[in-house]
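Peer 1: could you look at this predicted model? Sequence included:
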Amino acid sequence: MTLNCTYAPDNIFAKILSGAIPSVKVYEDDRVLSFMDAFPQANGHTLVIPKVSACNLFDVSSEDLQNLIHHTQRIATALRDGLEPDGIRIAQFNGESAGQTVFHLHFHIIPVYNGNQVRAHAAGQMADLNELRGFADKIRAKL
Ligand code: 5GP
């Protein structure tokens, strides 16, 4: 089967989960972590990841996936209410060919604002930490 992957425990999101790399957190429980994308495609670009070690959509149980999408909807709703974008993209990439760059399963929540172009995927500049904290606070306030 193509799109097989072996989970690498030293990937960036595993390091964020262990606390080895800092992140600007939006939400955390025993199964899910949500944090701000450090190279955002738009203001408020948020990621949602499971705590289980899964490298893509095909590497996770349907139960864990259901929980992940449930929280993605919750956080997207809080982002909608906190940042009031004109639209919201939910994205998820499987395999390098599809654009996946971090091999720990995740959903992107990307706000779209009329008149502002969404920046290219995985090509952006590192965001200012204080700005990320400001977006995270606004989203968290609506959770
Ligand atoms: P993918 O390309 O795998 O779908 O998405 C990976 C996402 O992780 C990209 O949007 C990228 O900007 C983000 N990212 C990469 N490195 C880091 C990091 O160290 N911290 C955070 N918060 N996000 C990261």
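Peer 2: Arrived safely.

Peer 1: got the residues of the chain near the ligand?
Peer 2: The chain has residues 12, 21, 23, 35-39, 93, 99-102, 122 near the ligand, with proximity defined as Cβ under 6 Å from any ligand atom. All C-beta spots, glycine's among them, are computed from the backbone N, C-alpha and C.

Peer 1: let's see that with 5 Å instead.
Peer 2: With Cβ under 5 Å from any ligand atom as the criterion, the chain meets the ligand at residues 12, 23, 37-39, 93, 100-102, 122.

Peer 1: can you put the residues you listed in a markdown table and add neighbour count?
Peer 2: As requested, these are exported to a markdown table (neighbours: other Cβ atoms under 10 Å):
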| residue | neighbour count |
| --- | --- |
| Ile12 | 16 |
| Ser23 | 21 |
| Asp37 | 21 |
| Ala38 | 19 |
| Phe39 | 15 |
| Phe93 | 19 |
| Gln100 | 21 |
| Thr101 | 12 |
| Val102 | 16 |
| Ala122 | 13 |
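
Peer 1: pick out the lowest-pLDDT one from those.
Peer 2: Lowest pLDDT among the residues of the chain next to the ligand: Ala122, with 82.

Peer 1: quick check, that one in a strand?
Peer 2: No: Ala122 sits outside any strand when classified using DSSP: H, G, I helix; E, B strand; the rest coil, being coil.

Peer 1: quick check: which ranges of the chain have low pLDDT?
Peer 2: Applying pLDDT under 70 to the chain picks out residues 1-2.
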